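**Student:** Pasted the sequence and its predicted model underneath.
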Amino acid sequence: MTETNVAIGLSDDKYVIVADEDQHSRRDYISEIEGLTEREIHEVGSGQELVERVREEDYCLVLTSDELTELGGLEAIKAIRLFDLD
């Protein structure tokens, strides 16, 4: 698995999202998370897709790999935080 970053917002939002280019890694993360929460878990394969989905839905947990092409995980988290400030 690649290095992973987590941004947690303490809220009542019902969704969790996992971002990793590697589908097997996403499945591993999701399997672990499913045992910890009853929340619906979404998955994406790129940083840009992550930012777009977070703009569409409210997530209580964002789990992302830092090694995403196009828009890295940290850059995606920064973009999400800027969006949340608006």
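**Tutor:** Received the coordinates, thanks. Numbering: from 1, shown residues only.
**Student:** which residues does the spatially most central residue of the chain bridge with?
**Tutor:** Of all residues in the chain, the one closest to the mean position by Cα atoms, centre = their mean is residue 62, 3.4 Å from it. With DSSP bridges applied, residue 62 shows beta-bridge pairing to residue 7, residue 17.
**Student:** can you start the count at 648 instead of 1 from here on
**Tutor:** Yes, from this point I'll number from 648; that puts the last item at residue 709.
**Student:** wouldn't it be in contact with residue 662 here?
**Tutor:** No - counting by Cβ atoms under 8 Å, residue 709 does not reach residue 662; the two are 9.7 Å apart. Yep, even glycine has a C-beta here, placed from its N, CA and C like the rest.
**Student:** In the chain, mark out all the helices, start to finish.
**Tutor:** For the chain, the helices defined by DSSP state H cover 670-681, 694-703, 720-732.
**Student:** Give me the pLDDT for the residue nearest to the centre of the chain.
**Tutor:** Among the per-residue scores, residue 709 holds a pLDDT of 91.
**Student:** ok, now how distant is it from residue 719?
**Tutor:** Taking Cβ to Cβ, to the nearest Å as the criterion, residue 709 is separated from residue 719 by 14 Å.
**Student:** Equivalent analysis for residue 704, please.
**Tutor:** Taken as Cβ to Cβ, the span from residue 704 to residue 719 is 21 Å.
**Student:** Then residue 725?
**Tutor:** Using Cβ to Cβ, we find residue 725 at a distance of 9 Å from residue 719.
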